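1. next input, structure requested:
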Amino acid sequence: MVVEKHDLPLLSALLIAQGGGAADPADRAGLGSLTADLMTKGTKTRSATEIARQIESLGGSISSDASFDGSSVTVTVKSDQAAPALAILADVARNPVFASEEIERARAQAIDGVQVAIKNPSQLAGLVAARAALGDTEYGHPLSGTPNSLKAITQADIRRAYAEAWHPDAARWCWSVT
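-> So this is what the prediction gives:
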């Protein structure tokens with residue numbers, strides 16, 4: 001989809017890696033989602049706050065996400081801010097630190113999100129239907145995990161999931177300029 005705004009040209013860059021929720025170990029549902037969420041929460045050279053401030057100072061946004069089949073990091077900025085934004089995106093993709101305090105914060109938020117979801121009848125029905133239809137396959141568990149699986153995920157699990165998914169052979173760039 002393209003929306004032309006000649007007075008405000010935007011650049012969106014999306015870096016996609018193969019590792020997503022389908023790669024989660026059976027007892028670690030939510031690992032791919034938690035790993036993706038943590039990628040923008042600090043690198044070897046920038047804290048989570050610095051990443052957010054630097055992207056905001058460029059008038060842009062950065063986010064990370066996971067699906068069953070992959071993970072992604074996206075940055076959107078005015079096109080004249082592409083170089084510094086892409087430097088931050090590269091840092092996030094290549095140098096996440098997965099700090100213990102960020103892991104605990106993200107884990108608590110993920111558990112809260114799961115607990116809210118299972119209280120919603122339509123979301124609960126979707127989880128049950130997926131499990132009934134897909135069973136114990138890699139697509140049969142909840143992408144966001146369960147309270148128990150999220151509690152079981154360690155920093156070592158997160159680092160291993162990142163290393164398996166985010167290497168040059170598994171990553172692809174996508175660009176959009178409007």
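2. D169: neighbour count?
-> 6 (other C-beta atoms under 10 Å). Any C-beta I mention is one placed from the backbone N, CA and C, and that applies to glycine too.
3. isn't there a strand covering it?
-> No: applying DSSP: H, G, I helix; E, B strand; the rest coil, one finds D169 to be helix, outside a strand.
4. tell me the pLDDT at it?
-> Looking at D169, its pLDDT is 74.
5. pull the longest helix from this structure.
-> The longest helix of the chain (DSSP state H) is helix 100-117.
6. after that helix comes which helix or strand?
-> helix 121-134 (DSSP states H and E).
7. can you give me the buried ones in that next one?
-> Under the neighbour-count criterion of 16 or more other C-beta atoms under 10 Å, helix 121-134 has L127, A130 buried.
8. ok, now stretch 88-98?
-> Within stretch 88-98, the residues that qualify as buried are I88, L89, D91, V92, A93, P96, V97, F98, counting by 16+ other C-beta under 10 Å.
9. let me know the closest of these to A17.
-> Using C-beta to C-beta, A93 is the member of the buried residues of stretch 88-98 that lies nearest A17, at 8.0 Å.
10. surely the closest one forms part of a helix?
-> Yes: under three-state DSSP, A93 falls within a helix.
11. run through the residues that contact it.
-> Contact partners of A93, counting by C-beta atoms under 8 Å, 6 or more residues apart in numbering, are L15, M39, V73, W166, A171.
12. who wins on neighbours among these?
-> Neighbour-wise, these (other C-beta under 10 Å) top out at M39, 28 neighbours.
13. quick one, phi/psi of that one?
-> For M39, the backbone dihedrals are phi -60, psi -30 (criterion: degrees, to the nearest 10).
14. any idea how far it is from S12?
-> According to C-beta to C-beta, to the nearest Å, M39 and S12 sit 17 Å apart.
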